[in-house]
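Student: attaching a predicted model along with its sequence, questions to come.
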Amino acid sequence: MNERIHEIALDCYEWVGGNEDGDVRIFDYEKFAELIVRECVEVINCGIDYTDYYDVDKSIIEMRAQMWCRDAIKQHFGVK
């Protein structure tokens, strides 16, 4: 598994109490999914930041495509 995915997964465990056997934690699948989507959106945002501004026609098309992908992913998964 990718190290970043592992880090995100670790952030999704929530402590819900303890008993004589030790701590009780649950995995928040919804939080995991949201964090993965947010990470994907961040990758797209980085791509927008590094668009080639020397070729103006190409950069406008690239930025619009990247922004559309970013917004479509966020809308599809309901992430703000």
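Tutor: On my side now, so go ahead. Numbers count the residues shown, from 1 in each chain.
Student: tell me the helices in the chain, going along the chain?
Tutor: Along the chain, counting by DSSP state H, helices occupy 3-10, 29-49, 56-77.
Student: for the first one, which outside residues touch it?
Tutor: In other words, helix 3-10. Contact with helix 3-10 is made by F27, F32, L35, I36, E39, as judged by C-beta atoms under 8 Å, 6 or more residues apart in numbering. All C-beta spots, glycine's among them, are computed from the backbone N, C-alpha and C.
Student: among these, name the buried ones.
Tutor: For the contacts of helix 3-10, a burial check counting by 16 or more other C-beta atoms under 10 Å picks out F32, L35, I36.
Student: any regions of this protein where pLDDT drops low?
Tutor: 1, 18-22, 49-56, 58 (pLDDT under 70).
Student: who's in contact with stretch 72-80?
Tutor: Contacts of stretch 72-80 (C-beta under 8 Å, 6+ apart): A33, E34, V37, R38, C40, V41, I44.
Student: apply 6 Å and report the result again.
Tutor: Residues outside stretch 72-80 that contact it (C-beta atoms under 6 Å, 6 or more residues apart in numbering) are E34, V37, V41.
Student: from the residues you listed, pick the one nearest D57.
Tutor: Distance to D57 across those (C-beta to C-beta) is lowest for V41, with 25.5 Å.
Student: contact partners for the closest one?
Tutor: V41 sits in contact with R70, K74, where contact means C-beta under 6 Å, 6+ apart.
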